[in-house]
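In: For reference, the sequence and a predicted model appear below.
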Amino acid sequence: MGNRKKTAIIVAGGSGSRMQSAVPKQFLDLAGKPVLYHTITAFTEAYPDMDIVLVLPENHISYANNLLQAFDNIPAITMVQGGETRFHSVKNGLQQVKEEGVVFVHDGVRPLVSPALVRTCYKAACSHGSAIPVIDMKDSVREVNGEHNRAVDRGRFRIVQTPQTFVSSWILPAFEQPYDPLFTDEATVVEHFGHFVHLVQGEESNLKITKPLDLVMAKAFLDLRG
């Protein structure tokens with residue numbers, strides 16, 4: 001099972017507008033290295049034979065070259081230009097998957113994903129075809145509909161994380177479907193194609209860096225680990 005071809009498609013699309021930063025958030029400094037350095041390293045630590053496909057906007061290529069200088073040993077990274085939506089960006093990345101195997105799709109701005117979670121997703125995808133990491137909701141949740149709102153049972157809901165992981169024979173054909181605005185992540189695309197989505201336990205620390213406070217929290221999590 002551990003010898004299937006493994007490809008991580010890391011989607012690094014965001015600009016950094018919510019970070020109030022000129023530098024795109026995936027290239028901001030986190031504990032002395034760019035955010036994306038940590039993201040990529042989690043995958044190569046999980047499986048040294050992992051292929052990395054980095055999907056990013058054309059105008060970020062110069063940042064990406066600086067990113068590569070952060071590595072002592074540069075992993076096998078292919079850079080691919082992103083598309084107009086996440087669906088199109090992932091589709092561009094999937095063109096690099098040339099043989100049967102397991103494909104991870106991960107947010108570039110989730111740098112604290114652990115190698116253990118990557119391995120959990122891999123094993124579950126090998127067994128079930130897919131693996132979507134989720135965590136429980138800790139907050140109370142209300143559904144708002146126009147003027148009306150009502151409490152809902154948070155026990156029935158999960159917060160979805162990445163890496164969303166699939167066998168290539170599921171995800172490649174699923175992304176040949178026409179784009180639909182309801183495709184919010186890879187799980188919805190694969191599900192729409194007719195496959196069952198298997199959930200695995202995610203990690204509280206696998207947070208998404210979208211605003212300045214998130215970077216502070218990420219640093220704190222890193223300090224706890226270190």
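Out: Arrived safely.

In: End to end on stretch 9-29, go ahead and measure it.
Out: End-to-end distance for stretch 9-29: 22 Å, by CA to CA, to the nearest Å.

In: repeat for stretch 130-147
Out: One end of stretch 130-147 sits 39 Å from the other (CA to CA).

In: List the buried residues in that stretch.
Out: With burial defined by 16 or more other CB atoms under 10 Å, the residues of stretch 130-147 counted as buried are Ser130, Ala131, Ile132, Pro133, Val134. Heads up, the C-betas are built off the backbone N, CA and C, glycines and all.

In: residue closest to the middle of the protein?
Out: For the chain, the residue nearest the mean C-alpha position is His106 (1.6 Å; CA atoms, centre = their mean).

In: Next, it: secondary structure please.
Out: At His106, secondary structure determined by DSSP: H, G, I helix; E, B strand; the rest coil is strand.

In: Report whether the expected contact of it with Val113 is present.
Out: Yes: if you go by CB atoms under 8 Å, His106 and Val113 touch, sitting 6.7 Å apart.

In: quick one: the strands in the protein?
Out: Using DSSP state E, the strands of the chain run over 5-11, 29-30, 33-34, 51-56, 77-81, 101-107, 130-136, 141-145, 148-152, 158-160, 164-167, 199-201.

In: Who are the packing partners of the third one?
Out: Other helices and strands packing on strand 33-34, by 3 or more CB pairs under 8 Å, 6 or more residues apart in numbering; DSSP states H and E, are helix 61-68.
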